[in-house]
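# Compute the structure for the input listed below.
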Amino acid sequence: MRGDAKVRDGVARPATSTDVAAEAGVSQATVARTYSAPHLVSDRTRQRVGDAAAKLGYAPNAFARGLKSQQSNVVGAVVPACGEYWQHVLSAVTRELAARQRQLLLFSFSDPGEVDDVLDIVRQYRVSGLLLASASIRPDQLSAMRGQSSQTVAFNQPAAAGLVSSVSVDNEAGCRLLAAHVVDQGCRTAVFVGGVSSASTDQARYRGAAREMGEHGVALPYLEAGAFSYDAGYAGAERISRLAPDAVMVGSDEVAFGVIDGLESRGIRVGDDIAVTGFDGLPQASWAGIDLTTLVQPTELLARHAADLLVDAATGSPPSDVVVDGHLRIGRTTKRSG
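Numbering: from 1, shown residues only. Reported below is the predicted structural model:
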């Protein structure tokens, strides 16, 4: 049994603020104030309440406090149930929110068709902010979140600009950097492999790559992998091998990892026989066995901007769009060994 939990009708129940007040010899209001506004409570009283809470195994109910005050320190995040990129982003955002005394509540989905249902569920919670962290969220769904009581921020979704507040890397400029590098390596035929063609990130990245390639007289056909996943990239390697281009520009690192393994399983040497680029700068991209040329997003900086908007922006204020530059990381996947 945890601490000195009370037993009623043979069932242990968690300690309440009333129990803590009785143990510490203070009022229930003082216990509440100790947790909600500790600067208004003397050091001695805070110590007494803390000791009593520890003895009884008491923890304050953040949701209950939010219901009472009409405020919450909980930020919601709508995010795909899988994907290395979004897990990387969420780790950074969670750290930034924790530094601002905010907690993250995840609302995940496995299929883009579930997003409407997930957004309906989100509306039932009194979250202080909402992070829309998925390229699968459509512009009409973004628009539907305007006017909500919470601050809404889209993460790396070019389509969100002007609809809700957003933070994003400069997707188009980043792919122009990658394309210029590929051309400098002597590549004269290339393909672009995107995850899902309807995603605004895919569109912006392909647009940047195609424009840069076009200025050098290189055509860049678009191939859709069908998902932002390793498996989709691995399967797409078969089509790529039939086309036999000098270079493959891939719209995300995770898909690029699959493309690399798929090509090398067919005896095609990445770096020597064909150049491959990614986009995102996931930690795995720098692993020795992968060493991917990619556009590195400043994820920590993006997370900091997102947290600032989620916590500090006033409800009802005009949308703010923050766009930052990424930087080129050159790896073995675009270097010929001979």
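
# So, low pLDDT: which residues of the stretch 101-250 of the chain?
The stretch 101-250 of the chain contains residues with pLDDT under 70 at 146-150.

# need the contact list for the nearest residue to A306 once chain neighbours are set aside.
Nearest residue to A306, sequence neighbours excluded (Cβ to Cβ, 6 or more residues apart in numbering): V167, at 4.8 Å. Placement of C-beta: from N, CA and C, glycine included. Going by Cβ atoms under 8 Å, 6 or more residues apart in numbering, V167 touches 153-156, 302, 305-306, 309, 322-324.

# Phi first, then psi, for V167.
Main-chain torsions, V167, degrees, to the nearest 10: phi -130, psi 140.

# T294 now?
Main-chain dihedrals, T294, degrees, to the nearest 10: phi -150, psi 170.

# Could you list everything it pairs with in the sheet?
R329 (DSSP bridges).

# Let's see which of the contacts of V167 end up in helices.
When DSSP state H defines the helices, the subset of those inside them is 302, 305-306, 309.

# Top of those by number of neighbours, please.
When neighbours are counted by other Cβ atoms under 10 Å, A306 leads the ones in helices among the contacts of V167 with 29 neighbours.

# Name all residues that make contact with that residue.
93, 96, 131, 153, 155, 167.

# Tell me the one of these nearest P60?
Using Cβ to Cβ, E96 comes nearest to P60 of the contacts of A306, at 23.1 Å.

# got a list of what the closest residue in space to that closest one that isn't next to it in sequence touches?
Distances taken as Cβ to Cβ, 6+ apart place A307 nearest to E96, at 3.7 Å, with adjacent residues excluded. Contact partners of A307, counting by Cβ under 8 Å, 6+ apart, are 93, 96-97, 99-100, 102.

# what about 7 Å?
A307 makes contact with 93, 96-97, 100, according to Cβ atoms under 7 Å, 6 or more residues apart in numbering.

# Tell me the buried residues within those residues.
Among these, those buried by neighbour count (16 or more other Cβ atoms under 10 Å) are 93, 96-97.

# beta partners for the closest residue to L243 other than its chain neighbours?
Closest residue in space to L243, ignoring its immediate chain neighbours: V191 at 6.0 Å, by Cβ to Cβ, 6+ apart. Taking DSSP bridges as the rule, V191 bridges to V248.

# what's in contact with stretch 92-112?
With contact meaning Cβ under 7 Å, 6+ apart, stretch 92-112 is reached by 73-81, 115, 118, 121-122, 127, 131, 136, 299-300, 303-304, 306-307, 311.

# which of those count as buried?
Those of the contacts of stretch 92-112 that meet the buried threshold are 73-80, 115, 118, 122, 127, 131, 136, 299, 303-304, 306-307, 311, by 16+ other Cβ under 10 Å.
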